[in-house]
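Participant: model the structure of this input:
(6 chains)
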Protein chains: 6
Amino acid sequence: MIAAHTLSTRFMGSTDNYDKADIVMVGVPMDFTCSFRPGTRFGPQKIREVSVGIEEYSVYMNKDLTDKNYYDAGDLDLPYGNVNRSLEMIGTACKQIITDNKFPVFIGGEHLISLPIIKEIYKKYGDELVILHFDAHADLRQDYLGEHYSHASVMRRVCEFVKTKNIFQFGIRSGTKAEFEYAKANTNMYLFEVLEPLREVVKNLGERPVYVTLDIDVVDPAFANGTGTPEPGGCTSAEMIRAIYEISKLHLVGFDLVEVSPGFDPSDRTALLAAKLIRDVILSV
Amino acid sequence: MIAAHTLSTRFMGSTDNYDKADIVMVGVPMDFTCSFRPGTRFGPQKIREVSVGIEEYSVYMNKDLTDKNYYDAGDLDLPYGNVNRSLEMIGTACKQIITDNKFPVFIGGEHLISLPIIKEIYKKYGDELVILHFDAHADLRQDYLGEHYSHASVMRRVCEFVKTKNIFQFGIRSGTKAEFEYAKANTNMYLFEVLEPLREVVKNLGERPVYVTLDIDVVDPAFANGTGTPEPGGCTSAEMIRAIYEISKLHLVGFDLVEVSPGFDPSDRTALLAAKLIRDVILSV
Amino acid sequence: MIAAHTLSTRFMGSTDNYDKADIVMVGVPMDFTCSFRPGTRFGPQKIREVSVGIEEYSVYMNKDLTDKNYYDAGDLDLPYGNVNRSLEMIGTACKQIITDNKFPVFIGGEHLISLPIIKEIYKKYGDELVILHFDAHADLRQDYLGEHYSHASVMRRVCEFVKTKNIFQFGIRSGTKAEFEYAKANTNMYLFEVLEPLREVVKNLGERPVYVTLDIDVVDPAFANGTGTPEPGGCTSAEMIRAIYEISKLHLVGFDLVEVSPGFDPSDRTALLAAKLIRDVILSV
Amino acid sequence: MIAAHTLSTRFMGSTDNYDKADIVMVGVPMDFTCSFRPGTRFGPQKIREVSVGIEEYSVYMNKDLTDKNYYDAGDLDLPYGNVNRSLEMIGTACKQIITDNKFPVFIGGEHLISLPIIKEIYKKYGDELVILHFDAHADLRQDYLGEHYSHASVMRRVCEFVKTKNIFQFGIRSGTKAEFEYAKANTNMYLFEVLEPLREVVKNLGERPVYVTLDIDVVDPAFANGTGTPEPGGCTSAEMIRAIYEISKLHLVGFDLVEVSPGFDPSDRTALLAAKLIRDVILSV
Amino acid sequence: MIAAHTLSTRFMGSTDNYDKADIVMVGVPMDFTCSFRPGTRFGPQKIREVSVGIEEYSVYMNKDLTDKNYYDAGDLDLPYGNVNRSLEMIGTACKQIITDNKFPVFIGGEHLISLPIIKEIYKKYGDELVILHFDAHADLRQDYLGEHYSHASVMRRVCEFVKTKNIFQFGIRSGTKAEFEYAKANTNMYLFEVLEPLREVVKNLGERPVYVTLDIDVVDPAFANGTGTPEPGGCTSAEMIRAIYEISKLHLVGFDLVEVSPGFDPSDRTALLAAKLIRDVILSV
Amino acid sequence: MIAAHTLSTRFMGSTDNYDKADIVMVGVPMDFTCSFRPGTRFGPQKIREVSVGIEEYSVYMNKDLTDKNYYDAGDLDLPYGNVNRSLEMIGTACKQIITDNKFPVFIGGEHLISLPIIKEIYKKYGDELVILHFDAHADLRQDYLGEHYSHASVMRRVCEFVKTKNIFQFGIRSGTKAEFEYAKANTNMYLFEVLEPLREVVKNLGERPVYVTLDIDVVDPAFANGTGTPEPGGCTSAEMIRAIYEISKLHLVGFDLVEVSPGFDPSDRTALLAAKLIRDVILSV
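Facilitator: From the prediction side, this is the model:
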């Protein structure tokens, strides 16, 4: 089993048996490299806490969580301020889940957590692996404030091992000039829009293994205000829910949802949106 | 007159003469059966308080409140925690208003308050009565946590006396599988969308008596964050304003707006939206 | 075991074995009869959540939680809005704990929850039972808004079976004239002050069984702002911590701490104070 | 009667008959000259709104509001941004109240509102008039940012007509060097402390007419956080409550309580303290 | 140079050399005539503070701030509560900037600040001057609560010297009947919509000098909740960003963005939107 | 000069000339090792921002800032998430200030920032150096969650080079059993109390060089709610202000104030208290 807190709130309907679960959820309360406003460490707990406020049945998917077996392992017990050790612990957790042939769902925390996860996923699926990246920010910086590992450089780090033509980026609307030039030359980046380009991309992916990394700030801050670096001009929550429906047609091999920072959202609608998206991903597996 | 608080803030432009009023507004500060986050008891006062921040003239309706006579009776003095006595008091208030041939506008409070109101309305109009129900949630549960009377079962209770084919539900996006099956078999439910299906429905209602019950969470929580059980994926405030314009073409016999919970909305935009919708309903009568 | 939520956050250091525990904690998320501002239902979870922010060792008591065996049963699954059924469930939980010869610690929720608890405690200890009641409010109303069971009448209900001369009330500073007259004639009430009169009372209680009910609003709202009916003019948090130290000298048979309403306290200092007081009570047993 | 809003919340227990009232309360929602953080315009309404959360009986005074006749005239309808016209309107309101031989209670709003009130009081009582001024700030500036009329210069303006030896200032802990030098040479200023110097002063005032102006920031911001210019190092709320008890022994001829700014206090304890102080002043008349 | 605070936070990337700058930004922390909820005085500082959270490169404009020379002069040191002197100071600042042949960018504060700015701009460009006005409110009142100068009458004051047929108003959805009648007879007003009518207007303006005044409340409060008088039913932030792109095709001679009131927006998305819009205006010059 | 942000708000009255200054203030926005609730990175800016709300004259010290020369260097530009590089940068800044014979005032950020500062101070003053440590927490852990450098171990690290008998700790009320045993054996620790033991200690320090490190959580969270790990049971703000007055009698050689986390304090009273304490320290030099 995953070495995580065992006395905290679990996602609605989670089983308490790791072995029988097909899907394993892990919270990653890491926000140390965040440069603007910290607080995503509280994301996983808030998402679980509000998950009781949504239904187990999804009318979008016409499926019910009661038909699924998933285990919420709680939050990893990270050493605050130690980036390297934290990334190692995340990678180890992911490795175990996929070794046990379970579907990993990671809940951030900051976007940097996706790096060790995708590394492990890539080890298993190799160059067939497709990455769908939903984000307001390109996250393609070479480094950030002199740091190699940062939530602003995570996708650039991913580009160092995943084939960049297998990386699809949606909803991007912020970055340096250099990042957009890099994207043009290497990845598949769709500016501003999410649902329409996704529908096109989905058509061509067939049975290839697909990993999805979803930074909640791809959604406009009107709908997802609880995030550290809100970027006006994004898609609606309804569009993002439909995007998950599109993704459910694919051969999904892992998922993470990051950058929910509940302290900025007194209404909890961001965490509720995250809980709905996670529910619909679980229903897709 | 209605037995309600007499020393609290009134809706902008309210007359102080019950007898001369054509329309009577009543606040219902009830939130006892709420299972997630209480606070709708403060809805009516907040809506009145912010009503001074909007104009008496509506450019949507091209009408002005100064041409209308309405009386705001204040909040009912409910016994906190006693559901049965509270429902009785609400029903009594409604009965008196319609007996006096005035148009009732009730402001919640939780959605359960609509039950005794619709019962009284039904007694007057019988099987001709049409119910337009705007909500994110189906509210069609047989019971909830073992309780017969709950804000999650209110429309199911209504279905026990109103002809279910006369019930139209708009914007629904959350419920159990059983609720959606019940809706399919009995009521007229339109998933996700509000304005387009409403336009179709309005065409066929002619001069029939129509009661509207509007749960503010039908609007997306980006626009109406001040509510207890926000459900991402809803319509915009602009659409809801236009929906009231559509409704103004009908033979309206009563209206309630429920589930505004101002504590979750530091901007007060939810209460302001509610105040605009109530203004335009008053202008429709 | 107690029928309570099993997938939510537990108090710091709680064992997961009911049978081996000497002390059992139960959360009671009830706030239905609250007349002013609801929200105490979130008290138990917040107190547990912040408990990780305090130390297991108490320098006040010079003892450590690691030397104690206590089980946090989670929150009772109450039917929202049904006062009678809720009170029954609370009483049943308390009965089981004391039948199993364990020490009960209940965390509210509103003050009305103390009634069924004290009833069960009284059944066991009879007229020897002493009640120490810490509160800003007398809670001695005959009824409240016509309701017999209310957080404003809870101690009056207790006076109907516990010998009133065995009831000691500290820190009281708010009530009707009738309540203060009743107290003068029946209970032992100390106005405004907590620590000094307590020290006197403690001297005379010897080995008698003592139950403590602590409404957090006895502490001044500067120190305990997270409560529903704050009443300026109370004691400091340091005084309340020392009061628990005084109480630790007695033969304690049960404890409840009520009326923490975390939504009014962005700093969480009220829940942290509650967690410290509960820790020191556990260390006293 | 006073020309004020008539459709807003009234102070708990207010009569609706100006003529029969012995005491008249007026809200003054003025915060235009505030230099730091505006928001005191919402003070009067919040104080009234929370007043239902306290008891009509005061155990401090052993008196009950039900034995008093007071009329809450609502808020004055001030022209926002026009200081001169606003001060005129406040003075006119005060003049009418004292002409009608009623006791005036004004609720701010910023401290500048006390100026026209004290002017009218002074016209009636002349050089016998004593002013008790409770405040964290000296408010004795000659002018402020080039403005003659400011909340930071209000007591200096008062010193231009009231005999300065009749002015007693309590709890002062902030000001320019020049202000403290002026105070030393002219008024009676007590640094930091409130209750002890007040007890001394009260002894010597006999039957002289006394006006009290109470800036809530005299109380430490731990107890009165809802204010625009919080100044750490003040007295407790319990001390201020006792100060009002001391004042009740005097021949009180008018009272104002200013600078409650509810937006900074999610717990409403500042407004609740203000409501208790106002209640006890009413009980003193 | 402009007489403004020199020790406060500057807009991201601002030069510290007024003389070499082509563009000068000035903050105007004025909110005295605001009738509903004050707080826009904090707008300029918050917009600067969050500006570090956005990129210097705009993918919308495909331009980078590093290629521009702009000087942020800080906030004007206004005399709080003195409307006339404040308007004079704003006019003086504007006059100097345009005399020095620099492009003025003013950040409010309330909408009334636009009046002295437009007066100075008009003196330079005369009857050729075109005004584009983005707002939820018509701002065409003859006066407001008896006051000639108010944020609700600012455009009416502008109409007294700018040719009204040169005034284009977008997104308007609130006003009195008289304001809409005045607009129909005099200005060019587009109800509700922003982007589509703007595209039409832009086509016809050629090389004429254009001044833009942007009240952030033209954007729906879901996207721009941090404002004093939110008005549901507006455009999205994405539309407003595209509107600036349209405007960048014109001969822009000055710009102001007003009515950001950060206290109502815990997520800071309103200030972030304002910072993005200002960035794109700077990139347009 | 110090390499820090140059375009952000400065402390009230700061000169813009490093060379002529006797005192240099530096903000250190570090909160990476914080285990509970991050946010102290915003402390320095908030303290500067609110400093305009206090007076330059201190009636406690009877001195005026206008008679002092101090330079606020702004915030250090730290690499987020890199603890080692950050500690180096802080040490370098401190070294330069004391090399230039100026008095250093550091504003945190988390408590770990004191370590490199005290190291540099110790290099200059050696074993004569006295440390006065004000804190709710002992901060004497050997390590924390496996990390050597943590805000919970900072004083233990200091004990590795400063003579422990020269370390005086005040107000401590939280820690592990091991920390209190270590303190008993090594440092001089005063439990709970601040002012009385300080007065005793001050008497014996004569002309020895004294460094003061002040964790704002030594003050009770009622008075200083804006902090990451609030610990009920502390001293009042008035006591802390008097403590600084006591300290002003000593030969002070450096000062830091840490752990202000403004996001938890809507009233800003914590930052205002910090600003007053810093003002009085500057006046002491």
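
Participant: switch to C-alpha atoms for all contacts and neighbour counts from now on
Facilitator: Fine.

Participant: which residue comes closest to residue A:95 once chain neighbours are left out?
Facilitator: Excluding the flanking residues, the one nearest residue A:95 by C-alpha to C-alpha, 6 or more residues apart in numbering or on different chains is residue A:120, at 5.8 Å.

Participant: list the contacts for that neighbour?
Facilitator: A:91, A:94-95 (C-alpha atoms under 8 Å, 6 or more residues apart in numbering or on different chains).

Participant: what ranges does the stretch 151-285 of chain A have for its strands?
Facilitator: Under the criterion DSSP state E, counting those that start in this stretch, the stretch 151-285 of chain A contains strands at A:167-172, A:188-191, A:209-215, A:251-258.

Participant: check contacts around the residue in the stretch 1-150 of chain A that chain E sits nearest to.
Facilitator: Here the stretch 1-150 of chain A gets closest to chain E at one residue, residue A:36, 6.4 Å apart by C-alpha to the nearest C-alpha. Applying C-alpha under 8 Å, 6+ apart to residue A:36 gives the contacts A:228-229, E:53.

Participant: can you confirm it is in a strand?
Facilitator: No. Residue A:36 is assigned coil when assessed by DSSP: H, G, I helix; E, B strand; the rest coil, not a strand.

Participant: is chain E contacted by stretch A:132-146?
Facilitator: No. Residues of stretch A:132-146 contacting chain E under C-alpha under 8 Å from any C-alpha of the partner chain: none, with a closest distance of 9.8 Å.

Participant: just the pLDDT for the closest residue to chain E within the stretch 51-200 of chain A.
Facilitator: Nearest to chain E in the stretch 51-200 of chain A, going by C-alpha to the nearest C-alpha, is residue A:176, at a distance of 5.5 Å. Residue A:176 is assigned 97 on the pLDDT scale.

Participant: you'd agree residue A:228 is up against residue A:259?
Facilitator: Yes. In terms of C-alpha atoms under 8 Å, residue A:228 counts as a neighbour of residue A:259; the distance is 6.8 Å.

Participant: compare these two and say which is more crowded by neighbours.
Facilitator: Between residue A:228 and residue A:259, counting by other C-alpha atoms under 10 Å in any protein chain shown, residue A:259 is the more crowded of the two (31 against 26).

Participant: show me what contacts the one residue in the stretch 101-250 of chain A that gets nearest to chain C?
Facilitator: Closest contact between the stretch 101-250 of chain A and chain C, by C-alpha to the nearest C-alpha, is at residue A:226 (16.0 Å). Counting by C-alpha under 8 Å, 6+ apart, residue A:226 makes contact with A:260-265, A:268-271, E:267.

Participant: check the gap between it and chain F for me.
Facilitator: 14 Å (C-alpha to the nearest C-alpha, to the nearest Å).

Participant: excluding chain neighbours, what is closest to the residue in chain A that chain E sits nearest to?
Facilitator: Chain A approaches chain E most closely through residue A:233 (4.1 Å), counting by C-alpha to the nearest C-alpha. Of all residues not flanking residue A:233 in the chain, residue E:238 sits nearest, at 4.1 Å (C-alpha to C-alpha, 6+ apart).

Participant: tell me who's in contact with the closest residue to chain F within the stretch 151-285 of chain A.
Facilitator: Nearest to chain F in the stretch 151-285 of chain A, going by C-alpha to the nearest C-alpha, is residue A:263, at a distance of 9.2 Å. Shown in contact with residue A:263 (C-alpha under 8 Å, 6+ apart): A:39, A:226.

Participant: now swap in residue A:266 and tell me
Facilitator: B:264-265.

Participant: ok, it to residue B:116 distance?
Facilitator: 32 Å (C-alpha to C-alpha, to the nearest Å).

Participant: then residue A:144?
Facilitator: 61 Å.

Participant: give the contact list for the one residue in the stretch 51-200 of chain A that gets nearest to chain F.
Facilitator: At 4.4 Å from chain F, residue A:81 is the closest residue in the stretch 51-200 of chain A, using C-alpha to the nearest C-alpha. Residues in contact with residue A:81 (C-alpha under 8 Å, 6+ apart) are A:32, F:32-34, F:81-83.

Participant: same thing but 10 Å
Facilitator: A:30-33, F:31-35, F:80-84, F:147, F:149-150 (C-alpha atoms under 10 Å, 6 or more residues apart in numbering or on different chains).

Participant: circling back: please state the backbone phi and psi of the residue of the stretch 1-150 of chain A closest to chain E?
Facilitator: In terms of degrees, to the nearest 10, the main-chain angles of residue A:36 are phi -100, psi -70.

Participant: got the phi and psi for the closest residue to residue A:141 other than its chain neighbours?
Facilitator: Distances taken as C-alpha to C-alpha, 6+ apart put residue A:153 closest to residue A:141, at 4.6 Å, once the chain neighbours are dropped. The phi/psi pair for residue A:153 (degrees, to the nearest 10) reads phi -120, psi 10.

Participant: stretch A:69-85: end-to-end distance?
Facilitator: Terminal-residue distance, stretch A:69-85 (C-alpha to C-alpha): 31 Å.

Participant: before we move on, what about stretch A:225-232?
Facilitator: So stretch A:225-232: terminal residues 10 Å apart, C-alpha to C-alpha.

Participant: quick one: it to chain centroid distance?
Facilitator: Put simply, stretch A:225-232 sits 15 Å off its chain's centre (C-alpha atoms, centre = their mean, to the nearest Å).
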